[in-house]
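# Based on what follows, work out the 3D shape:
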Amino acid sequence: MNTYLLTWNPKRWNWDMDEDLASINTQGFSDGRWSCGRTRRIEPEDRIYLLRQGVEPRGIVASGYAKSTPYEDDHWDINRKDKALYIDVRLDTLLVPEKEGILPLVQLQKGYLAEVNWNTQSSGISISSNVSDVLDRKWRDFLEEHGQSPISLPDEVLTPTLYYEGACRRVTVNAYERNPRARKVCIEHYGTKCFICGFDFGTVYGSIGECFIHVHHIVPLSDIGKTYKLDPVLHMRPVCPNCHAMLHRSPKVMSVEELQAIVQLEQ
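Prediction:
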């Protein structure tokens, strides 16, 4: 998985965020498309960050993943007759600059992050792996400071469960489990102990483990329709990474109650 930086300049394109924000709050994600400049190397599942340029505040305003390779379509600027390159994107986090603030440019211009040209107007620039790791941590820290309770680790999204002849089988966790706002509400209600086995990272690992937990969405994807609205207390449970992997181990996701029964039987 590679990381790319997309850009947004409010002076050039007026983005009404309300629909995207509502989608993220209720579904855990928002699907759309975005111009990727001249870059044709982007692949599905590549990590995407969206940089706000042109007006203050400038900085990272959203994150997500690519859902397609680049493709041509009519230019987003109606005054231009040529084509533009786009990718389909799935945003997992979107901040409202005027209300929540964004990860500011001044923080992006320090240390390893300074290797990136944050003044670029070009969309689709590549971010090296060593810099993207720093950016991921910086983004998570910023969201936590602003009460977003982001994903704890990348393997909450793609969990290695089986290695066979050098190949890793990956379990794709649905986007509801990656909704930062929903995670926060779920954890505030249930706490950070595993709902299934009771494991508490803070008790075992001390300060480094405090508040660490995954969150599992218990409603089967087949039962989710267009009118579905996420209730973090009814539809989500905090689980440790081990129990989370076991819930998703088979093609049909196991229920929390089924895995609780297995754990109790084995104790």
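# could you pull out the helices for the stretch 151-267 of the chain?
With helices called from DSSP state H, counting those that start in this stretch, the stretch 151-267 of the chain shows them at 180-190, 201-205, 232-235, 241-247, 256-266.
# Throw those helices into JSON lines and include distance to residue 71 and mean pLDDT, thanks.
The C-beta positions use only the backbone N, C-alpha and C, and glycine is treated the same way. Shown next, in JSON lines, are the helices of the stretch 151-267 of the chain (distance: least, C-beta to C-beta, whole Å; pLDDT from 0 to 100):
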{"stretch": "helix 180-190", "distance to residue 71": "29", "mean pLDDT": "85"}
{"stretch": "helix 201-205", "distance to residue 71": "43", "mean pLDDT": "93"}
{"stretch": "helix 232-235", "distance to residue 71": "34", "mean pLDDT": "90"}
{"stretch": "helix 241-247", "distance to residue 71": "34", "mean pLDDT": "90"}
{"stretch": "helix 256-266", "distance to residue 71": "40", "mean pLDDT": "90"}
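# Next one: the spatially most central residue of the chain relative to residue 114, how far apart?
For the chain, the residue nearest the mean C-alpha position is residue 92 (4.1 Å; C-alpha atoms, centre = their mean). If you measure residue 92 against residue 114 using C-beta to C-beta, to the nearest Å, the figure is 26 Å.
# ok, now residue 179?
31 Å.
# can you list the residues that contact stretch 45-53?
Residues from elsewhere that reach stretch 45-53, judged by C-beta atoms under 8 Å, 6 or more residues apart in numbering: 1-10, 34, 58-66, 87, 89, 91, 97, 102, 118-121, 127, 132, 135-136, 139.
# Mind doing that once more with 7 Å?
Contact with stretch 45-53 is made by 1-9, 58-66, 89, 97, 102, 118, 121, 132, 135, as judged by C-beta atoms under 7 Å, 6 or more residues apart in numbering.
# Equivalent analysis for stretch 11-26, please.
8, 29-30, 32, 54-55, 76, 91, 94, 96, 179, 181, 229-230.
# So which residues of the protein form strands?
For the chain, the strands defined by DSSP state E occupy 3-8, 30-35, 47-52, 59-66, 71-74, 83-94, 103-104, 125-127, 158-164, 167-172, 214-217, 236-239.
# So for the fifth one, what gets flagged as buried?
The neighbour-count check on strand 71-74 (16 or more other C-beta atoms under 10 Å) flags nothing as buried.
# now do stretch 115-127
For stretch 115-127, by 16+ other C-beta under 10 Å, it's 116, 118, 123, 124, 125, 126, 127.
# how about the fourth one, what does it touch?
Taking C-beta under 7 Å, 6+ apart as the contact definition, residue 124 lies against 4, 6, 36, 37, 38, 39, 42.
# one more time with 6 Å, if that's ok
The contact partners of residue 124, taken as C-beta atoms under 6 Å, 6 or more residues apart in numbering, are 4, 36, 37, 39.
# Neighbour count and distance to residue 235 for these - can I get that in TSV?
TSV is the format used below for the contacts of residue 124 (neighbours: other C-beta atoms under 10 Å; distance: C-beta to C-beta, whole Å):
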residue	neighbour count	distance to residue 235
4	22	32
36	27	34
37	18	38
39	18	37
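# how about these, which pair is most distant?
Using C-beta to C-beta, the pair of the contacts of residue 124 lying farthest apart is 4 and 37, separated by 9.5 Å.
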